[in-house]
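*Asks:* Fold the following, please.
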Amino acid sequence: MNTFINDVRFNFLFIDRYSFGRTWVYPESRLPYSMFRYITKGTAAFFIDGKEVEVHPGEIVYLPQDCMLSCHALGDEFEFYSIRFAASVSYGGGNILEEYYHIPTVIKDQDGQAREYFEQIYGWIRTEEQSKMFWVRGYLDILIGYAVSRGKASVQTDGGHRRTEEDYSLEKLKIRIQKSDHRMDSRIQLVVDYLNMHPSEECSVQKMSEMAGLSESRFRTLFRQQVGKKPSEYLNEIRVMAAARRLLVSGDNVSDIAYGLGYNDVNYFIRVFKKYFCMTPKQYRDTARE
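*Replies:* Predicted structure coming up:
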């Protein structure tokens, strides 16, 4: 396996359980994050980038970031769990779960394992335990691993046709991420890990370069080569991901969330958030409640 894959991490954003009637319609919109939906009751039609998929109980639907999605119920009742998550490092628009691991759009949960993972995440996020985010992130990784295993099985089942497609998709991914085939430089990895753990801390490029033990110019060059974006862009991305999570799991107002994440100007925070999620923080929170 190409070792750059080991640097990919996924950030949990939100989970909830939904129940709708026959009239349920999800209007077409572009997803600013990735989602897994686990169908527990009823059937529905999902239109993903223009392709129609009918979903049934015991199935997981994988919805990649930036896809166009619309849905509507096909019966009197439709219920599902929905998990939102995002990659901590962007690879230039590449859909790494689909293109590298071949996660299919619909995965059948034949043994009930996947439902347990959804239920564990749903249960842990609602506790007051200090350890809850470790459990939530752990089960999200397990769920992604489950989906990857099912994707691998489908590649093996489909045989030669999928092997050719795999070679083509991997080559596209390599070109798009413009990244070498070795592990991330340990000095850059140190900074990336620190930013992920301390999104609210004021962290200038000078401080980052000192942390890495590099000159500012060398740090900027190496960071962009390794991560695919400027240090300031990456820090903003980490912060808006943290903000998105807080908007969904807390009742804090937008200004408190902005100040808590190191933004001194709320209007600037709103502009940055809109750049990444194509909607304001308030719209993002309101959409989650619909």
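*Asks:* from what I can see residue 272 touches residue 238, true?
*Replies:* No: assessed by C-beta atoms under 8 Å, residue 272 is found out of contact with residue 238, at 11.4 Å. The way it works is simple: take the backbone N, C-alpha and C, and place the C-beta from them, glycine included.
*Asks:* which one of those two has more residues nearby?
*Replies:* In this view residue 272 and residue 238 are compared by other C-beta atoms under 10 Å, and residue 238 has more residues nearby, 22 against 19.
*Asks:* As PDB, could you dump the C-alpha coordinates of whichever strand or helix holds the more buried one?
*Replies:* Element membership of residue 238 [criterion: DSSP states H and E] is helix 231-249. C-alpha atoms of helix 231-249 as PDB (Å, rounded to 0.1, in the frame of the first residue of the first chain):
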ATOM      1  CA  PRO A 231      -0.200  26.600   6.500                       C
ATOM      2  CA  SER A 232      -2.700  29.400   7.100                       C
ATOM      3  CA  GLU A 233      -5.200  27.700   4.800                       C
ATOM      4  CA  TYR A 234      -4.800  24.400   6.700                       C
ATOM      5  CA  LEU A 235      -5.300  26.100  10.000                       C
ATOM      6  CA  ASN A 236      -8.500  27.700   8.800                       C
ATOM      7  CA  GLU A 237      -9.700  24.400   7.600                       C
ATOM      8  CA  ILE A 238      -9.100  22.700  11.000                       C
ATOM      9  CA  ARG A 239     -10.800  25.600  12.700                       C
ATOM     10  CA  VAL A 240     -14.000  25.600  10.500                       C
ATOM     11  CA  MET A 241     -14.200  21.800  11.000                       C
ATOM     12  CA  ALA A 242     -14.100  22.300  14.700                       C
ATOM     13  CA  ALA A 243     -16.700  25.100  14.400                       C
ATOM     14  CA  ALA A 244     -19.000  22.900  12.300                       C
ATOM     15  CA  ARG A 245     -18.900  20.300  15.000                       C
ATOM     16  CA  ARG A 246     -19.600  22.800  17.800                       C
ATOM     17  CA  LEU A 247     -22.500  24.300  15.800                       C
ATOM     18  CA  LEU A 248     -24.200  20.900  15.700                       C
ATOM     19  CA  VAL A 249     -23.400  19.500  19.200                       C
END
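*Asks:* After it, which helix or strand is next? Please name it.
*Replies:* Once helix 231-249 ends, the next helix or strand along the chain (criterion: DSSP H and E) is helix 254-260.
*Asks:* mind listing what's buried in that following helix?
*Replies:* Buried residues in helix 254-260, defined by neighbour count with 16 or more other C-beta atoms under 10 Å: 254, 257-258.
*Asks:* what comes into contact with it?
*Replies:* The contact list for helix 254-260, computed with C-beta atoms under 8 Å, 6 or more residues apart in numbering, reads 200, 243, 246-247, 250, 252, 266, 269-270, 281-282.
*Asks:* distance of residue 213 from residue 185?
*Replies:* Noted for residue 213: a distance of 11 Å to residue 185, by C-beta to C-beta, to the nearest Å.
*Asks:* Comparing those two, which residue is more hemmed in?
*Replies:* Using other C-beta under 10 Å as the criterion, residue 213 and residue 185 rank with residue 185 on top: 17 against 10.
*Asks:* Roughly how far does the more buried one sit from residue 10?
*Replies:* As judged by C-beta to C-beta, residue 185 and residue 10 stand 21 Å apart.
*Asks:* do the same with residue 235
*Replies:* 18 Å.
*Asks:* Between those two, tell me which one has more neighbours.
*Replies:* residue 235 (21 against 18).
*Asks:* For the chain, give me the ranges with low pLDDT.
*Replies:* Scanning the chain for pLDDT under 70 picks out the ranges 1-8, 88-95, 152-184, 288-290.
*Asks:* rerun that using 50 as the cut-off
*Replies:* 1-3, 91-93, 155-182 (pLDDT under 50).
*Asks:* what ranges do the strands span in it?
*Replies:* Remark: strands assigned in the chain by DSSP state E are 10-21, 25-30, 34-41, 44-48, 51-55, 59-63, 68-73, 77-87, 106-108.
*Asks:* Kindly reformat the ones you listed as a markdown table and extend each row with distance to residue 228.
*Replies:* Shown next, in a markdown table, are the strands of the chain (distance: least, C-beta to C-beta, whole Å):
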| stretch | distance to residue 228 |
| --- | --- |
| strand 10-21 | 16 |
| strand 25-30 | 21 |
| strand 34-41 | 18 |
| strand 44-48 | 26 |
| strand 51-55 | 28 |
| strand 59-63 | 23 |
| strand 68-73 | 24 |
| strand 77-87 | 11 |
| strand 106-108 | 29 |
